[in-house]
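Engineer: Just need the structure, nothing else, for what follows:
(one chain, ligands or ions: 1)
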Amino acid sequence: MFITLEGPEGGGKTWHVKPLAEFLRQRGHAVLTTREPGGTPIGDQIRQVLHRLDNTAMNPRTESLLFQAARAQLVEQIIRPHLAAGGVVLSDRYADSTLAYQGYGHGLPLEQLTSIIGFATGGLKPDLTLLLDLDVEIGLNRKVKSGEWNRLDAYTVEFHRRVRAGFHALCQADPARWVIIDASQPIEAVQEAIRQVVMARL
Ligand code: TYD
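Structural biologist: Here you go, the predicted model:
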């Protein structure tokens, strides 16, 4: 089973992956966790280029292709082999982030993005996607406080609002795959909600 965590900035995706993986391992599942962009040595180098605050000249199309380059490597090297061996893969972001950020955020054509995503992933789609959803200002404030501020966080609040609205549009277009979790709740309550959804699906 391939599970992805998605959402606007500051929803706590990265925090939740570890305890969720532990919880599933205790129940006998072979769980592999990963994150995007990155998750492989080559992907982590691409991540640095994407995140560098001084890469302000980066064009949204360049950005889109770099995300797909990192993703192609991750899918082939890590995700597909683990799924083929019968394991569970938990990914902190995946292709829906491209549609939300580069599509709804930057306004690049969704059909073209869907096509390069298909090329990068060979058509691999998640079985379940959790949208850790929260107000954009609250989320960005959390990120400022965490000190993990990167080039993409620094896009305007309006950009991040479009991203959040984009995630909601993606949910509505494929409700069987998506579950929305209210990420403004206390972190333990969010983790509990995530566990319940995942257990119900496994
Ligand atoms: P990261 O520090 O991992 O942020 P977060 O904890 O919010 O996931 O940085 C990933 C950034 O890259 C984040 O701002 C979302 C963005 N992103 C895209 O714009 N497109 C993509 O396809 C992916 C995977 C991420």
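Engineer: how about the helix ranked longest in the chain: buried residues?
Structural biologist: Scanning the chain for the longest helix, with DSSP state H as the assignment, gives helix 157-173. By 16 or more other C-beta atoms under 10 Å, the buried positions in helix 157-173 come out as 159, 160, 161, 162, 163, 164, 166, 167, 170, 171. For the C-beta atoms, the positions are set from N, CA and C on the backbone; glycine is no exception.
Engineer: Repeat that for stretch 70-80.
Structural biologist: Buried residues in stretch 70-80 (16+ other C-beta under 10 Å): 70, 71, 72, 73, 74, 75, 78, 79, 80.
Engineer: Quick check: the fourth one touching residue 44?
Structural biologist: No - with contacts counted by C-beta atoms under 8 Å, residue 73 stays clear of residue 44, the gap being 9.8 Å.
Engineer: Check residue 148 and give its pLDDT.
Structural biologist: Reported pLDDT at residue 148 in the predicted model: 89.
Engineer: Please give the element, helix or strand, for it.
Structural biologist: Using DSSP states H and E, no element contains residue 148; it sits outside every helix and strand.
Engineer: Now do the phi/psi pair for it.
Structural biologist: The phi/psi pair for residue 148 (degrees, to the nearest 10) reads phi -100, psi 50.
Engineer: in the helix or strand of the chain with the lowest mean pLDDT, what counts as buried?
Structural biologist: In the chain, the helix or strand scored least confidently by mean pLDDT, DSSP states H and E is helix 136-146, which has a mean of 94. Of the residues in helix 136-146, 136, 139, 140, 142, 143 count as buried by neighbour count, 16+ other C-beta under 10 Å.
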